[in-house]
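# show me the folded form of this:
(4 chains)
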Protein chains: 2
Amino acid sequence: MSRNLDEIDLKILTEIQADGRITNVELAKRVGISPPPCLRRVRALEEEGYIHGYRGLLDARKLGFDVTVFAAVHLSSQAEADLRAFEEFVRAEPLVRECWMLSGEVDFILKCVAPDMATFQDFVTHLTAAPHVRNVRTSLVLHNSKYEAAVPLDVRGRR
Amino acid sequence: MSRNLDEIDLKILTEIQADGRITNVELAKRVGISPPPCLRRVRALEEEGYIHGYRGLLDARKLGFDVTVFAAVHLSSQAEADLRAFEEFVRAEPLVRECWMLSGEVDFILKCVAPDMATFQDFVTHLTAAPHVRNVRTSLVLHNSKYEAAVPLDVRGRR
DNA sequence: GCTGCACGCGCAATAAAATTGCGCTACGCC
DNA sequence: GGCGTAGCGCAATTTTATTGCGCGTGCAGC
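Model prediction:
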């Protein structure tokens, strides 16, 4: 499933994670090889699943989504089927942008956005009414302190 | 600070959010204008801050980061300076990938990754020892149920 | 109801990038 | 020492990204 990535692969991943739109020419220059093999490496990394895709990062607030909220959800049942049903519910809900299943106290944590509080309130009502939802605790985001790409490749500990 | 985006701008943002590496030619085709004005619009959206940047999405697990954790942090002081100090602390910590300041019960929520539990334990020890940290509650991520781009542009509610 | 102006589009030309085909070299295995 | 594989860089070709410019549209002032 995983092979050993060399220094060049790791540099490529680091650069791509930081700037998904870097040109292959520039990337090649930074990692110290010529463009063709560089592009081949990128394609290979994509194929092998090291790179899942690319995204432009938009400014939610500027686009009218002034409210960001984390919601901690407890279900009344942790049966496989019920967990899956909840995930389905969440997947269909556009205000939910991320959903993570957790161990321990809380079953799921959701990152949600909404244009305003009223819309968010409506959403919470739906959420609370969803199958097997026992309890929802929401926390309004005041502001974002850090938002980095997912993987700190400069930290040791690879395969 | 914000202008009115037309349908074409919104389509552009939607496409770019979904695929940050789409070519301008393809993007132009999808939004129904020719490449030159399309590129000019993209540049304008970047300039104006609607687009913050681009990122490649990496597979944390495949890269040796098997542990993802949410950490809810309470501080013993909410003084401006202390909040800021905590943010600084967090910014310097590579295992913390996201940090959000919240209203209510919890002061901050962190999304963290680590190569393994031991490394994460070490980190929590540091975290707990950080200035004014009163309490840290962590929840291990079992799996990700949904991970979408930040803004649901297909939902109404824009400026 | 004209005239001038600002805005945004598409066309055409030019500069860059991305891709592809291929020969060359280093290295591990016979 | 010869053989096969993997990965690199060069050179040619195809696509894209960019830039300069003329055109048509809508609007404000006259």
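
# can you give me the helices in chain A?
A:7-18, A:24-31, A:35-47, A:80-91, A:117-129 (DSSP state H).

# please work out which of the ones you listed is packed deepest.
With neighbours defined as mean count of other Cβ atoms under 10 Å in any protein chain shown, those peak in mean count at helix A:7-18, which reaches a mean of 18. To be clear about C-beta, it is placed using only N, CA and C from the backbone, and glycine gets the same treatment.

# give me the contacts around that one.
Residues from elsewhere that reach helix A:7-18, judged by Cβ atoms under 8 Å, 6 or more residues apart in numbering or on different chains: A:5, A:22, A:27, A:30-33, A:38, A:41-42, A:45, A:50-51, A:149-151, A:153-154, A:158, B:55-58, B:63.

# ok, and does that helix reach over to DNA strand C?
No - Helix A:7-18 stays out of contact with DNA strand C when judged by Cβ under 7 Å from any atom of the strand, the minimum separation being 11.2 Å.

# anything in that helix near DNA strand D?
Yes - against DNA strand D, helix A:7-18 shows contacts by Cβ under 7 Å from any atom of the strand at A:Ile8.

# ok, the nearest residue to A:Ser76 once chain neighbours are set aside - how many residues close by?
Spatial nearest neighbour of A:Ser76, excluding adjacent residues (Cβ to Cβ, 6 or more residues apart in numbering or on different chains): A:Arg134 at 4.1 Å. Using other Cβ atoms under 10 Å in any protein chain shown, the number of residues around A:Arg134 comes to 11.

# same thing with A:Leu5?
As a measure of burial, A:Leu5 has 21 neighbours, counting by other Cβ under 10 Å.

# relative to B:Leu58, how far out is it?
11 Å (Cβ to Cβ, to the nearest Å).

# do A:Ile33 as well
From A:Ile33 across to B:Leu58, the span is 20 Å (Cβ to Cβ).

# ok, these two, which is more surrounded?
Higher neighbour count among A:Ile33 and B:Leu58: B:Leu58, with 23 against 16, using other Cβ under 10 Å.

# look at the residue most central in space within chain A and report its pLDDT.
What sits nearest the mean C-alpha location of chain A, by Cα atoms, centre = their mean, is A:Glu98, with 6.4 Å. In this prediction, A:Glu98 carries a pLDDT score of 98.

# who's in contact with it?
A:Glu98 touches A:110-111, B:144, B:146-148, counting by Cβ under 8 Å, 6+ apart.

# let's have these in TSV, adding pLDDT.
What follows is the contacts of A:Glu98, written out as TSV (pLDDT from 0 to 100):
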residue	pLDDT
A:Leu110	98
A:Lys111	98
B:Asn144	97
B:Lys146	98
B:Tyr147	98
B:Glu148	97
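
# near DNA strand D, list only the ones from the contacts of helix A:7-18.
Applying Cβ under 7 Å from any atom of the strand to the contacts of helix A:7-18, one finds that A:33, A:38, A:41 fall near DNA strand D.

# how about the residues of chain A near DNA strand C?
So chain A meets DNA strand C at A:23-26, A:35-36, A:39-40 (Cβ under 7 Å from any atom of the strand).

# what's the closest of those residues to DNA strand D?
For the residues of chain A next to DNA strand C, the closest approach to DNA strand D (Cβ to the nearest atom of the strand) belongs to A:Pro36, at 3.5 Å.

# tell me how far that closest one lies from A:Asn135.
56 Å.

# same question for A:Leu27.
With distances taken as Cβ to Cβ, A:Leu27 is found 47 Å from A:Asn135.

# what of A:Leu127?
Using Cβ to Cβ, A:Leu127 is found at 11 Å from A:Asn135.

# same thing with A:Val90?
From A:Val90 to A:Asn135 the distance is 16 Å (Cβ to Cβ).

# who does whichever strand in chain A runs longest pair up with?
Determined from DSSP state E, the single longest strand within chain A is strand A:133-147. According to DSSP bridges, strand A:133-147 has the following sheet partners: strand A:67-75 (antiparallel), strand B:96-102 (antiparallel).

# got the residues of chain A near DNA strand D?
Going by Cβ under 7 Å from any atom of the strand, the residues of chain A near DNA strand D are A:8, A:33-34, A:36-38, A:40-41.

# so where is chain A shaky, pLDDT-wise?
A:1, A:156-159 (pLDDT under 70).

# domain map for it?
A:7-48, A:60-140 (the TED database).

# can you get me a residue count around A:Ala60?
By other Cβ under 10 Å, neighbour count at A:Ala60 equals 21.

# nice, that's everything, thank you.
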